[in-house]
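Engineer: Dropping a prediction and its sequence here:
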Amino acid sequence: MSPLELPPDLRGRLRGLEITPRGRTVLAQAGAHASRNRGGGMEFAQYRAYERGDDLRRIDWRLYARSDKLFVRDAERESPVAVWLVIDASASMGQVDLRRPDWSRFDAARRMAAAIIDIALRQGDRFGVAVETVSGPVVITPGGGAGHRDRAFSALAGLAPGGAAAWGRDVAALGERFGRHDLIVLISDGMDEDLIQGAERLAATGRDVALIRVLTSDERDFPFDQGYRFVDPETGADLLGDGRALRDDFLTRFTAARAALDERLDACGVRHVEHFLDRPEDEALRALFSRRGGA
């Protein structure tokens, strides 16, 4: 299954989630449910097949009478708030787990982005995508509706992780594209200092910034029990060692580094969660979007 294709069970679990800007003031003035139609109505966008859990009020019963099939009317609302998905495509995002060598951090990042887009579509919110590649950012400006989703997915499907991202070069340029009230969701392993500094600078401007750190279960558990050559995919640096001898020291250092980064992100007001490759995507999203904060 493509990383951009949501399994039915995941799609079902996403139905209970909402994406909202953090501050209540923003929500009141330009929230995720703002409509361009007076009186809070919604503009018709397209039909799609009925799925279990859809609001029965959105079923087109006239179409059902003609076709004997259930369709719902998707609504497209135009909100001044956009959800930006900023995805890391550096070489480290190609890392996989021993137990699942066909599923990388980058695959998980794209699945996470597809899940967030699915929620945004349901809410009628605009969304944009920026993928940080070795040659610079690939940007899909904010828009709404299924057609815009398909354009974003087409761009994401053609990308692969590689090289070292230049966050220090590109974060400022990307920041100029983000609206003051936009929600910026960074999806990365969070191990690039320039990325973290960029998140801090964006948060310092008052923007709502979130970071989803995509990690492998191998990093969490360090299951290596024999001799391995560990290679940094971005610098080429390597370490030859016995997994059992390295395990305790690695886990101590890794745990300390994660805790230090948590404190740093908390201090600058960046919402953050961790997603491990062997866990369902909605767990991290549920944790992230339940932390609305603000006043």
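Structural biologist: Perfect, I can see it now. Numbering: from 1, shown residues only.

Engineer: Torsion angles phi and psi at Val138?
Structural biologist: Per-residue torsions, Val138: phi -100, psi 120 (degrees, to the nearest 10).

Engineer: Tell me who's in contact with it.
Structural biologist: 129-131, 155, 159 (CB atoms under 8 Å, 6 or more residues apart in numbering). (C-beta placed from N, C-alpha, C; glycine too.)

Engineer: try 10 Å
Structural biologist: Counting by CB atoms under 10 Å, 6 or more residues apart in numbering, Val138 touches 87, 89, 129-132, 155-156, 158-159.

Engineer: filter those to the buried ones?
Structural biologist: Buried subset of the contacts of Val138 (neighbour count, 16 or more other CB atoms under 10 Å): 87, 89, 129-132, 156.

Engineer: can you name the two of these that are farthest apart?
Structural biologist: Glu132 and Leu156 (12.7 Å; CB to CB).

Engineer: Show me whatever sits in contact with both of these two.
Structural biologist: With CB under 10 Å, 6+ apart as the test, Glu132 and Leu156 both reach 87, 89, 138.

Engineer: ok, of those residues, which one's closest to Gly241?
Structural biologist: Of all the shared contacts of Glu132 and Leu156, the one with the least separation from Gly241 (CB to CB) is Ala89, at 28.9 Å.

Engineer: Is it correct that the closest one is in contact with Val129?
Structural biologist: No - in this structure, Ala89 is not within contact of Val129 by CB atoms under 10 Å, at 11.3 Å.

Engineer: Are there residues contacting both of the two? Which ones?
Structural biologist: Common contacts of Ala89 and Val129 (CB under 10 Å, 6+ apart): 110, 137-138, 156.

Engineer: Relative to Asp278, which of the contacts of Val138 is nearest.
Structural biologist: For the contacts of Val138, with Asp278 as the reference and CB to CB as the criterion, the closest is Ile87, at 20.2 Å.

Engineer: How is the closest one classified with respect to secondary structure?
Structural biologist: strand (DSSP: H, G, I helix; E, B strand; the rest coil).

Engineer: what about it, distance to Pro233?
Structural biologist: Using CB to CB, to the nearest Å, Ile87 is found at 17 Å from Pro233.

Engineer: where does the protein have its least confident helix or strand?
Structural biologist: helix 24-30 (a mean of 38; mean pLDDT, DSSP states H and E).

Engineer: which residues touch Leu63?
Structural biologist: So Leu63 contacts 47, 69-73 (CB under 10 Å, 6+ apart).
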